[in-house]
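Colleague: Have a look at this prediction, sequence included:
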There are 2 protein chains.
Amino acid sequence: MAVYTDVPDEELRAFIAEYAIGEVVSCKGIAEGVENSNYLLRTENGTYILTLYEKRVAPADLPFFLALMEHLAKQGIPCPTPIHGRDGGALRKLCGRPAAIISFLDGMWPRRIHPYHCAGLGGALAQLHHAGAGFPSNRANDLSLTGWERLYGACAVRADEIKAGLAEELRTELAELRRLWPHELPRGIIHADLFPDNVFFRNESVSGLIDFYFACTDFFAYDLAICLNAWCFESDGSFNVTKAKLLLAKYRTVRPLSNAEIEALPLLARGSAIRFLLTRLYDRLHQAPGAFVRPKDPLEYLQKLRFHRGVTSPTAYGFDS
Amino acid sequence: MAVYTDVPDEELRAFIAEYAIGEVVSCKGIAEGVENSNYLLRTENGTYILTLYEKRVAPADLPFFLALMEHLAKQGIPCPTPIHGRDGGALRKLCGRPAAIISFLDGMWPRRIHPYHCAGLGGALAQLHHAGAGFPSNRANDLSLTGWERLYGACAVRADEIKAGLAEELRTELAELRRLWPHELPRGIIHADLFPDNVFFRNESVSGLIDFYFACTDFFAYDLAICLNAWCFESDGSFNVTKAKLLLAKYRTVRPLSNAEIEALPLLARGSAIRFLLTRLYDRLHQAPGAFVRPKDPLEYLQKLRFHRGVTSPTAYGFDS
């Protein structure tokens, strides 16, 4: 639940006047997302999302994110499009923070994941990977190996507060990932955070992909590995191979996977698991007292990490042997 | 910020199918309100508010609140109207909680109060008091004298944790209010919680009054006293008599105040101050660890209480002597 910045009406009216979208009719904070302040904005012309970017997003990255959304939307990806102001700009300031208005997308994110959701996700992810091809900019993934090691360094001395032996297990894992991490897989623009709350459905079809504020340039198969972790485990920690199979099969109907990508998947899934384990661990250990946002459980991702470490063949994900 | 109950999409679809408002297009939790879970619901037919009533609202009172909103809306008050389902009912269950769909109101609540807001509020409040006249039901105000004494009893032993001497000051004040509280003032339906976040404006006009879940039968002038406290103090604790004067003057153009009401105002304002002081104190002392909602400051209302205790004549509120 997130609205960190409350926008006074006068400031809002002045801000909206920079756009040709009519006057404000209403503006309500949305209790979703944990990184930024989001408002559902209704004007005389329509419905939009107003986002104020909070501390976790680097302002220098915002032009990349906004240009990427615009590029992807033009390629037919159902993602938010930044609205340009009268001066042509899509990024300005509101209440001292970078702020943008983006288009509103219909649909709801699934609270309970059914297999058909994973199929829809697979197709949408592959289309996203294709659509990023012509985008001229790059952004390094700052939450890959080096970023994980940095997070580990900031958490190691206190990690065992969360679970005995955790620091040592992470240290060993990171060393192994550093040694084995692939270099040569197909790469391009990835979303890098495609959790269920970032994918909207209407009926059984994907109607929206949102929250591109971790998007970067990395292996396409790493994005798939993130989705395997975020969509294919049940709440009891068990891996649902039916969901994984549908996710991967539908992805491959749009963008074929090379053998190297398939072989790398268990390792990429370990990397993806440690990425979310470490950011959650960091948030848990560095949580401000009285913070609004309940930090997510890092140990959910330790369980996933161990699952992938036990995988001896990609058939575990539902690939035919 | 409040969304206590997350509604799975299947449950929502089944719930909406009970209404003739088309299919769900989107549904987003709203980060406003602290009592209930509110969603901004868009269907094929329009935009609505979906409310799930949480523990603080007594389910037995809900038919009163919903019927009252419907009555007031029919009288032209810009308040939410409950939407009736295909079975005629406006109240049903969702995720184990009482739930209703109400109409969406345009406008924004003022973050910074300007004098014109107080004028608009005064007129709207008087219209609300008139419009309640024909409503056939009553609801006792459970947050008047007896309710305050009950809250005091639940807080007294720990009140001095918040401020030294607070328990004794409240005890003396409650005894005096019990002794002096009026019995014979004009009464009827009051809102009883008309804070700025419950009043929407478009441009300089009131466009909506919301959140009738404290509405009850009590003195009209007590509702005015609540508004004096909620709208006419600056954040430094100073009383803005210009705002009070506009609030009262505009109210009186719609519904004249008797001399008895005017004379009672300082006492009613003390009662209103202790009411919010005590509920905030209770929330502060009984806050669950890790709760989402940051409890409001009870001492803000101690300052207001002391101001009204020092008032020797209603001229302090801007009445002509």
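Modeller: Sure thing, it's come through.
Colleague: Residue of the stretch 51-200 of chain A nearest chain B, please.
Modeller: A:R111 (4.1 Å; CB to the nearest CB). C-beta: built from backbone N, CA, C; applies to glycine.
Colleague: Now do the contacts for that residue.
Modeller: If you count contacts by CB atoms under 8 Å, 6 or more residues apart in numbering or on different chains, A:R111 has them with A:196, B:6-9.
Colleague: Tell me the one among those nearest to A:C216.
Modeller: Closest approach between these and A:C216, by CB to CB: A:P196, at 20.4 Å.
Colleague: any idea how far that closest one lies from B:D6?
Modeller: Distance of A:P196 to B:D6, computed by CB to CB, to the nearest Å: 12 Å.
Colleague: now A:V206
Modeller: Distance from A:V206 to B:D6, counting by CB to CB: 21 Å.
Colleague: How about A:Q127?
Modeller: From A:Q127 to B:D6 the distance is 28 Å (CB to CB).
Colleague: Between the two, which is the more surrounded one?
Modeller: Neighbour totals were compared for A:Q127 and B:D6, and A:Q127 leads with 20 against 12 (other CB atoms under 10 Å in any protein chain shown).
Colleague: Pull up the residues of chain A that are close to chain B.
Modeller: Within chain A, the positions near chain B by CB under 8 Å from any CB of the partner chain are A:1-3, A:6-10, A:12, A:24-32, A:40, A:42, A:47, A:104-108, A:110-112, A:200-202, A:290, A:292, A:294.
Colleague: For A:I21, give its distance to chain B.
Modeller: 15 Å (CB to the nearest CB, to the nearest Å).
Colleague: and that residue, which of the three is it?
Modeller: Put simply, A:I21 is coil when judged by DSSP: H, G, I helix; E, B strand; the rest coil.
Colleague: What is the burial count for it?
Modeller: With other CB under 10 Å as criterion, A:I21 counts 17.
Colleague: Surely it is in contact with A:N45?
Modeller: Yes: the pair A:I21 / A:N45 is scored as a contact, 4.5 Å apart, by CB atoms under 8 Å.
Colleague: Give the buried residues for the longest helix belonging to chain A.
Modeller: Counting by DSSP state H, the longest helix found in chain A is helix A:259-285. Buried residues in helix A:259-285, counted by 16 or more other CB atoms under 10 Å in any protein chain shown: A:261-285.
Colleague: Skipping adjacent residues, who's closest to A:L66 in space?
Modeller: Residue nearest to A:L66 in three dimensions, not counting chain neighbours: A:P82, with 4.6 Å by CB to CB, 6 or more residues apart in numbering or on different chains.
Colleague: any idea how chain A splits into domains?
Modeller: A:9-103, A:115-317 (automatic domain parsing).
Colleague: Need those domains in CSV (columns: mean pLDDT and distance to B:L224).
Modeller: CSV is the format used below for the domains of chain A (pLDDT from 0 to 100; distance: least, CB to CB, whole Å):
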stretch, mean pLDDT, distance to B:L224
domain A:9-103, 93, 24
domain A:115-317, 95, 34
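Colleague: closest to B:L52 out of those?
Modeller: B:L52 lies closest to domain A:9-103 among the domains of chain A, at 12.6 Å (CB to CB).
Colleague: Now do the closest one: distance from first to last residue.
Modeller: End-to-end distance of domain A:9-103: 21 Å, with CA to CA, to the nearest Å as the criterion.
Colleague: so who does A:P115 touch?
Modeller: Neighbouring residues of A:P115 by CB under 8 Å, 6+ apart: A:240, A:242-243, A:246.
Colleague: how much space is there between it and B:E10?
Modeller: Here A:P115 is placed at a distance of 14 Å from B:E10 (CB to CB).
Colleague: same deal with A:P295?
Modeller: From A:P295 to B:E10 the distance is 28 Å (CB to CB).
Colleague: Check A:V199 too.
Modeller: Between A:V199 and B:E10 the distance, using CB to CB, works out to 16 Å.
Colleague: Among those two, which residue is more densely surrounded?
Modeller: Neighbour count, other CB under 10 Å: between A:V199 and B:E10, A:V199 has more, with 28 against 12.
Colleague: which residues does that one bridge with?
Modeller: A:V199 has these beta-bridge partners by DSSP bridges: A:L209.
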